[in-house]
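Student: Dropping the sequence and predicted coords here.
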Amino acid sequence: MGNTQVRTRGLAARAGGWSARHRWAAVGIWVLFVVLAMGLGSAAGRVDVDQSDQLKGETHTAATIIDDAGIEEPASETVLIQAKDGSVKATDGAFRAAVADVVEAVQGTGEVTGVTSPYDTHTVSRDGRSALVRFDLRGDAETSADRIEPVLEAVAGVQEEHDAVRIEEIGGASMQKQYADAFGDDFRQAEYSAVPVALGILLIAFGALVAALLPVALAITAIMATMGLMGLVSHLQPMSDTANSVMLLVGMAVGVDYCLFYLRREREEREAGRDADTALRIAAATSGRAVIVSGVTVCVAMAGMLFTGLAEFEAMGLASLMVVAVAMVGSVTVLPALLSLLGRRVEKGRIPFLGRRRRNGNGDSRFWSAVLRGVLARPLVSAVVAGGALLAVAAPALGMKTQQLTLDQEFGDSLPMVQTYNRVNDAFPGGSEPAQVVVKARDINAPEVRQALAGFRQRAIASGASRGPVDVKLYDAQNVALVSVPLVGGSDMDQATRSLEKLRDEVRPATLGKVAGVQAPVTGQVAGNHDFNDQLMGSVVPVFVFVVVFAFLLMLLSFRSLTVAITSIVLNLLSVAAAYGILVAVFQHGWGASLVGAEGVGAVVTWLPLFLFVILFGLSMDYHVFVVSRIREARMRGRTTKDAIRHGVVTTAGVVTSAAVIMVAVFAIFGTLSMQSMKQMGVGLAAAVLIDATVIRGVLLPAVMALLGERNWYLPRWLHRLPDLTHDEAPEAGTAPVPDRGERLTV
């Protein structure tokens, strides 16, 4: 095909045209932006989410009282001394000697304070086989894991001297250290391996080193700039390590995707005979526009997390939104400049045997051409089979059970602390994760307050919510008391939650609630999980409505078709539902769980369904916008609807497949981690992207569009006044444009 005069309009076309004309300026501005963002972010420092801001409700109130009172709770540790068999009791001399040696050993480290003997605090189990030595670590609780090693070594030394009893330490600091030792390198390796995996797949896709490096370079620079911006923004909206990891995942995915869309279209136009400038202008007007539509839609989806009211979700949503926006801007500005600078040199570094892609004479994918022939020949059968299969996959989601995973669910038997945690809970139900009542009074030593505290201790045990011991720690100067209540249920979250509700709804109103001016919010691990679940469930509807409504409006404005907007939403929801079904089948019902190392989990982690909905709904729009844009473009150039569908799907199949393989590979890396919550996230994302890029975009979308025919482009007359966000392009040689039948259908 020879060159034709190309008429373009729109933001993407103008941005690409300016960048191509001012190549060095565009590259320089981008580099300056990345350097400035990183420098300013590093100078400002990152403010992380504070515990008192994590949740609303009682958990937030309790944390606020403690912060306002200036109480700095130290990191607490517990040493379990337990008979290995029934021959030794806590009253025996050998057992007492082990307890005494533990007390002496931990005190001798100089790192602890407030060491208590189980014989003084009555922390001996009912069967007399177990006892707890408790103490606090000196210094800041947040850095306690850095100072716990000498204490752990001291306890291990005592164990070597006492064979008859089991001596194990557990607590916040020791658990954090074990976690960091076991999984810190695991996480870093997963994050670092994302880049070489993406580069390797791109080398296969493009067959040239320079072309493969461009998407990775864009993604990395977008991520670097966003990390700097996160530091600046964190002074308004605190960030977190979790938000940083999610940002890296999303940034790598969309950064590579957007560059792929642009680069593949520019290369395709050059292969079709266009000169370099014309090819770049077409890529800017078509793929560039698809990038902007997709990017804005993804940003809207990520913004849905801001409606949860949960600080961690807000941080993840804002970080993801920023990296998508940065990658989108980079794709339509610096990328055209780089392509203009490189010209044909983008094909440098050809890889032997990969230089020739297996395509037919029209540049279409052979595999998807064969699939499309069958789909378009029998669209109704294809739609019913593909839709039915996805509904069958989604069916298990109807019985989804969500919960915050307990330690043994999260880590299984991979860490020694899991066994210790279970032993402590078996011997002292709720002892490893007690509820904490933060009592604030005008005078904490007033007779009625002291009487209410005593009544609370007695009633907590009498009600069956706790088996004791209930400890009270007074802070006279601050008029605050901290009451520690081991909950009946221990690691059984359902039973522990019922015990918590008894404390809140029965015990507290009957005691502390009767004293005027007393605040007594109940917090702790179980309370935090309960409050988190309640707040998360309350945010599902507003987040769902926000994401779906705004995505629908964006698709309506971008394609000026009510049908396309509706089918886009339905297909994306079906993709998300299928991902939910896979999660429930694998992690809740255990079908194929051994293949991913997820035996015995029995539930989906609470935060994942909403997180997956937002992330997947956004990422699914990448493929959908790209494919439908190409279909609509072909239709407006004069092709029949079926031919436009075939052309749009097969010509985008290569880039969609490459992008999907990269996403699946990156997400699957996180599916190999030992933490079940991260494994669930990785498997859910990988499965959903795979389904979306194959069954949805390759079968169901073309089948549905073929069945709808010209109704795909239906727009009611009362919506004709909507802004026209489409782009124009001259028709292909040898085809005639579609005649005007009412609504002007410019692409």
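Tutor: Arrived safely, thanks for sending.

Student: So Arg166, which state does it fall into?
Tutor: With DSSP: H, G, I helix; E, B strand; the rest coil as the basis, Arg166 sits in strand.

Student: what's the following helix or strand after the worst-scoring helix or strand of the chain on mean pLDDT?
Tutor: Least confident helix or strand, the chain: helix 51-54 with a mean of 62, by mean pLDDT, DSSP states H and E. Sequence order places helix 57-69 as the next helix or strand after helix 51-54, per DSSP states H and E.

Student: For that following helix, name the packing helices and strands.
Tutor: In terms of contacts (3 or more Cβ pairs under 8 Å, 6 or more residues apart in numbering; DSSP states H and E), helix 57-69 is packed against helix 51-54, strand 435-440, strand 480-485, strand 522-523, helix 525-559. Bear in mind the C-beta positions are built from the backbone N, C-alpha and C, glycine included.

Student: So which of the ones you listed is nearest Ala454?
Tutor: With Cβ to Cβ as the criterion, Ala454 lies closest to strand 480-485 of the helices and strands packed on helix 57-69, at 10.9 Å.

Student: Which helix or strand lies directly C-terminal to that closest one?
Tutor: helix 493-502.

Student: just the CA coordinates of that following helix, formatted as CSV?
Tutor: Presented in CSV, the C-alpha positions along helix 493-502 are these (Å, rounded to 0.1, in the frame of the first residue of the first chain):
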residue,chain,number,x,y,z
MET,A,493,-11.6,-16.5,64.1
ASP,A,494,-15.4,-17.2,64.0
GLN,A,495,-15.5,-18.2,67.7
ALA,A,496,-13.0,-15.4,68.7
THR,A,497,-15.2,-12.9,66.9
ARG,A,498,-18.2,-14.1,68.9
SER,A,499,-16.2,-13.6,72.1
LEU,A,500,-15.3,-10.1,71.0
GLU,A,501,-19.0,-9.3,70.3
LYS,A,502,-19.8,-10.5,73.9
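
Student: So for it, mean pLDDT?
Tutor: Averaging pLDDT along helix 493-502 yields 84.

Student: now it against helix 525-559, angle please.
Tutor: Here the directions of helix 493-502 and helix 525-559 differ by 110 degrees (axes from the mean of the first three to the mean of the last three Cα atoms, to 10 degrees).

Student: Report all helices and strands that helix 493-502 contacts.
Tutor: Helix 493-502 packs on helix 525-559, going by 3+ Cβ pairs under 8 Å, 6+ apart.

Student: what angle separates the helix it packs on from helix 57-69?
Tutor: Going by the same axes, to 10 degrees, helix 525-559 makes 110 degrees with helix 57-69.

Student: Can you give me the buried ones in helix 525-559?
Tutor: Going by neighbour count (16 or more other Cβ atoms under 10 Å), the buried part of helix 525-559 is 525-533, 535-536, 539, 543-544, 546-548, 550-551, 554-559.

Student: what's the following helix or strand after it?
Tutor: Going down the chain from helix 525-559, the next helix or strand is helix 562-583, by DSSP H and E.

Student: which of the residues in that following helix are buried?
Tutor: For helix 562-583, by 16+ other Cβ under 10 Å, it's 562-565, 567-569, 571-583.

Student: following that helix, which helix or strand comes up?
Tutor: Criterion used, DSSP H and E; the element after helix 562-583 is helix 593-596.

Student: which residues of the protein fall in strands?
Tutor: Secondary structure of the chain by DSSP state E: the strands cover 76-83, 112-116, 130-137, 165-171, 402-403, 435-440, 471-475, 480-485, 522-523, 604-605.

Student: Note down every partner strand of the fourth one and its orientation.
Tutor: This means strand 165-171. Here strand 165-171 has these sheet partners by DSSP bridges: strand 76-83 (antiparallel).

Student: now the fifth one
Tutor: Strands that pair with strand 402-403, judged by DSSP bridges, come out as strand 604-605 (parallel).

Student: and the gap between Arg350 and Gly207?
Tutor: To Gly207, Arg350 is 6 Å away according to Cβ to Cβ, to the nearest Å.

Student: cool, Ser234 as well?
Tutor: From Ser234 to Gly207 the distance is 42 Å (Cβ to Cβ).

Student: Between those two, tell me which one has more neighbours.
Tutor: Counting neighbours by other Cβ atoms under 10 Å for Ser234 and for Gly207 shows that Ser234 has the greater number, 22 against 19.

Student: Is Ser499 in contact with Gly489, as I believe?
Tutor: Yes: the pair Ser499 / Gly489 is scored as a contact, 5.3 Å apart, by Cβ atoms under 8 Å.

Student: of these two, who's got more company?
Tutor: Using other Cβ under 10 Å, the more surrounded residue of Ser499 and Gly489 is Ser499, with 27 against 21.

Student: Would you mind measuring from the more buried one to Arg423?
Tutor: On the measure of Cβ to Cβ, Ser499 and Arg423 end up 20 Å apart.

Student: and stretch 28-47, what's its mean pLDDT?
Tutor: In the prediction, stretch 28-47 has an average pLDDT of 93.

Student: how close does Val385 sit to Ala603?
Tutor: 32 Å.

Student: now swap in Glu169 and tell me
Tutor: Glu169 is 29 Å from Ala603, where distance means Cβ to Cβ.

Student: Likewise for Asn712?
Tutor: Asn712 is 41 Å from Ala603, by Cβ to Cβ.

Student: Residue most distant from the centroid, this structure?
Tutor: For the chain, the residue at maximal distance from the C-alpha centroid (Cα atoms, centre = their mean) is Gly93, at 52.7 Å.

Student: Now do that one against Gly86, distance only.
Tutor: Applying Cβ to Cβ to Gly93 and Gly86 gives a distance of 16 Å.

Student: and what of Thr567?
Tutor: For Thr567, the distance to Gly86 - Cβ to Cβ - is 68 Å.

Student: Can you tell me the number of residues neighbouring the residue nearest to Arg635 when sequence neighbours are not counted?
Tutor: Nearest non-adjacent residue to Arg635, counting by Cβ to Cβ, 6 or more residues apart in numbering: Ala644, 3.9 Å away. Other residues near Ala644 come to 22 when the count uses other Cβ under 10 Å.

Student: now do Ala462
Tutor: Ala462, neighbours per other Cβ under 10 Å, totals 10.

Student: Quick check, pLDDT for it.
Tutor: At Ala462, pLDDT is 89.

Student: So Phe261 sits against Ser287, correct?
Tutor: Yes: counting by Cβ under 8 Å, Phe261 does reach Ser287; the two are 4.5 Å apart.

Student: which residues of the protein score low on pLDDT?
Tutor: Counting by pLDDT under 70, the chain has low-confidence residues at 1-10, 51-55, 182-191, 353-365, 413-414, 430-432, 490-491, 724-747.
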